[in-house]
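J.: Provided below for reference: sequence and predicted model.
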Amino acid sequence: MRFRLPRPAATFAAGLAVVLLLAGCVPPDPIITPEPGPGATPVFASDEEALAAATDAYAKYLKVSDEISADGGSAPERLAPLVTPKQLVTETDAFADLSKSGSTTKGVSAFEVFQLQRYEDLGDGSASVSIYVCLDVGNVRVIDKSGVDVTPSNRVDRVPLEVDFLVKSDRPGTLLVDRSEAWTGQDFCN
């Protein structure tokens, strides 16, 4: 038996859908998880496993990033085991700016994973994972070379990010940060 909405209710439902779409109140794009080819063993058994691995990898990355910034940007190569070579260049450049300023940081960043955006098994033991993260730097202070707190008073403490990871076949099961950028869409952290 098929259920049909009465005509006015159907019109109302269609109108409501249009209003919600225009208002931006629709959920984010669905999680994309392509099926592996025949005979292929996926890197992660499920989206939940991919999300857990990405969460763990990001925690390790953030811990080392905090340590480097607390040291004034010195020895950014400590991130090499946690990021792709491309991302290491980006990180090294950012820490070089901190080092030139003579500033350090005090405190520890925190984060909350908002959701898995995408998990794709690329075959041969490689995979790509993207997550939405709320980075919280509210407990991190910027200290100049004379020891004065120069943390901007208008700094946004919770920043929405999109973080991409890669698993390379030569490092099975190891997620490497490949990209971390501020999310330009609706702020999901507040």
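T.: Yep, it's here. If you're wondering where the values come from, they're calculated on a predicted model, not measured in any experiment.
J.: Excluding covalently adjacent residues, which one is nearest to the most centrally placed residue in the chain?
T.: For the chain, Val163 is the residue whose C-alpha lies nearest the centre (CA atoms, centre = their mean; 2.8 Å). With sequence-adjacent residues excluded and distances taken as CB to CB, 6 or more residues apart in numbering, Val163 is closest to Ser180, at 4.7 Å. Yep, even glycine has a C-beta here, placed from its N, CA and C like the rest.
J.: does the one you found count as helix, strand or coil?
T.: Counting by DSSP: H, G, I helix; E, B strand; the rest coil, the backbone at Ser180 sits in strand.
J.: pretty sure it contacts Lys86?
T.: No - if you go by CB atoms under 8 Å, Ser180 and Lys86 don't touch, sitting 11.6 Å apart.
J.: For the residue nearest to Val163, give me the pLDDT.
T.: Ser180 carries a pLDDT value of 94.
J.: what about it, how many residues close to it?
T.: Per other CB atoms under 10 Å, the neighbour tally for Ser180 reads 20.
J.: hmm, back to that, list the helices and strands the strand or helix carrying the residue nearest to the centre of the chain packs on?
T.: Taking DSSP states H and E as the definition, one finds Val163 inside strand 158-167. With contacts taken as 3 or more CB pairs under 8 Å, 6 or more residues apart in numbering; DSSP states H and E, strand 158-167 sits against helix 47-70, strand 126-136, strand 175-182.
J.: mind redoing it with 10 Å?
T.: If contacts are counted by 3 or more CB pairs under 10 Å, 6 or more residues apart in numbering; DSSP states H and E, strand 158-167 sits against helix 47-70, helix 85-101, strand 110-123, strand 126-136, strand 175-182.
J.: Fine, thanks again, bye for now.
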